[in-house]
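Asks: Need coordinates for the below:
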Amino acid sequence: MSATLKVTRAAFGIELRRGRFDISVDGTSVGSIDHGATVEAEIAAGRHSLQIRRGRYSSRIAPFEVDDGEVASFLCHGAAVWPRYLASIFKPDLAISLRRAQSADNR
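Replies: All right, here's what the predicted structure looks like:
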């Protein structure tokens, strides 16, 4: 039983947190993503947690559930506005935005 995790990195305007981001599912690295890229990884069906990191900066942990054959799609990007960028210095999990995409991708 397997499913697919799809992470797309796109932002409107300029990302203030740049560079390659690491993708972790359940605390285990499944790859990395550059600006403007999409990464897919095969994962087991069931409950998982997703986090995107770059050094000490990260997204908040996003719990999700995926069924066999389903695609769980997420969008991420680095902080794009100065207040959020500055706040991430003190609260590193504000540095990267991560949200589940509304998708009809089912394979």
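Asks: Quick check: phi and psi on the closest residue to D67 other than its chain neighbours?
Replies: Leaving aside its sequence neighbours, D67 sits nearest to A45 (C-beta to C-beta, 6 or more residues apart in numbering; 5.6 Å). (C-beta placed from N, C-alpha, C; glycine too.) The phi and psi values for A45, taken as degrees, to the nearest 10, are phi -70, psi 150.
Asks: was I right about A45 contacting F64?
Replies: No. The pair A45 and F64 does not pass the contact test of C-beta atoms under 8 Å, sitting 11.5 Å apart.
Asks: Identify each buried residue in stretch 50-65, please.
Replies: For stretch 50-65, a neighbour-count test (16 or more other C-beta atoms under 10 Å) marks 50-54, 57-59, 62 as buried.
Asks: and the gap between the residue nearest to D67 and L75?
Replies: Counting by C-beta to C-beta, to the nearest Å, the gap from A45 to L75 is 22 Å.
Asks: gap between the one helix or strand in the chain whose mean pLDDT sits lowest and the chain center?
Replies: Lowest on mean pLDDT, DSSP states H and E among the helices and strands of the chain sits helix 82-90, with a mean of 88. With C-alpha atoms, centre = their mean, to the nearest Å as the basis, helix 82-90 stands 19 Å off its chain's centre.
Asks: So what touches it?
Replies: With contact meaning C-beta atoms under 8 Å, 6 or more residues apart in numbering, helix 82-90 is reached by 16-17, 57, 79, 94-95.
Asks: Widest-spaced pair of the residues you listed?
Replies: With distances taken as C-beta to C-beta, the most widely separated pair in the contacts of helix 82-90 is L16 and L94, at 11.5 Å.
Asks: and for those two, which residues touch both?
Replies: Joint contacts of L16 and L94 (C-beta under 8 Å, 6+ apart) are A79.
Asks: out of these two, which sits in the busier spot?
Replies: L94 (20 against 17; other C-beta atoms under 10 Å).
Asks: gap between the more buried one and F64?
Replies: L94 is 20 Å from F64, by C-beta to C-beta.
Asks: Alright, calling it a day.
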